[in-house]
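Colleague: let's see this in three dimensions:
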Amino acid sequence: QVQLVESGGGLVQPGGSLRVSCAASGSISSILSMGWYRQAPGKERELVATVTNGGDTDYADSGKGRFTIARDNAKNTVYLQMTSLKPEDTAVYSCKGQVNTPGFHNLGVWGQGTLVTVSS
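Modeller: Residues are numbered from 1 along each chain as shown. Next comes the predicted model:
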């Protein structure tokens, strides 16, 4: 069984910064990629950023220049550093890992999400 646990969400003022983390644990043979997604109230979930095992990153336009995704392979952890936050960044941020396990190849696993609220 594989688990992804996010942490670091909270309340931040507009223009502020916040870092959220996602740690993967369990029967993981390897992690192919990890990514952050968000879902704002009344909206569909959208991609924020992804990082591959090799370190290649990709960002949605909404976060380019403000968000940075980073991965610590030794800790099976992915981080999302968010700066210059705006009220429209308010959402539940969830991480997703594409992992190989002893029984499955390229299995998609979601975390439970962490709430980020940008408000004064």
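Colleague: tell me the centre residue of this protein?
Modeller: For the chain, Trp36 is the residue whose C-alpha lies nearest the centre (CA atoms, centre = their mean; 2.7 Å).
Colleague: what strand or helix carries Arg38?
Modeller: For Arg38, the element it lies in under DSSP states H and E is strand 30-39.
Colleague: check which residues of stretch 76-87 are buried.
Modeller: Within stretch 76-87, the residues that count as buried by 16 or more other CB atoms under 10 Å are 76-80, 82, 85. No exception for glycine: its C-beta is placed from N, CA and C like everyone else's.
Colleague: hang on, the earlier thing: measure the residue nearest to the centre of the chain to Asp61 for me?
Modeller: The spacing between Trp36 and Asp61, counted by CB to CB, to the nearest Å, is 15 Å.
Colleague: same thing with Glu6?
Modeller: Between Glu6 and Asp61 the computed distance is 23 Å (CB to CB).
Colleague: who has more neighbours, these two?
Modeller: Set side by side, Glu6 and Asp61 give different neighbour counts by other CB atoms under 10 Å, the larger being at Glu6 (22 against 6).
Colleague: for the residue lying closest to the more buried one once chain neighbours are set aside, list each beta-bridge partner.
Modeller: Using CB to CB, 6 or more residues apart in numbering and skipping the chain neighbours, the partner closest in space to Glu6 is Thr114 (4.1 Å). In this structure, Thr114 has beta-bridge partners Tyr93, where bridges are defined by DSSP bridges.
Colleague: quick revisit: the following helix or strand past the strand holding Arg38: partners in the sheet, and parallel or antiparallel?
Modeller: The C-terminal neighbour of strand 30-39 among helices and strands, as given by DSSP H and E, is strand 46-52. Using DSSP bridges, the strands paired with strand 46-52 are strand 30-39 (antiparallel), strand 57-59 (antiparallel).
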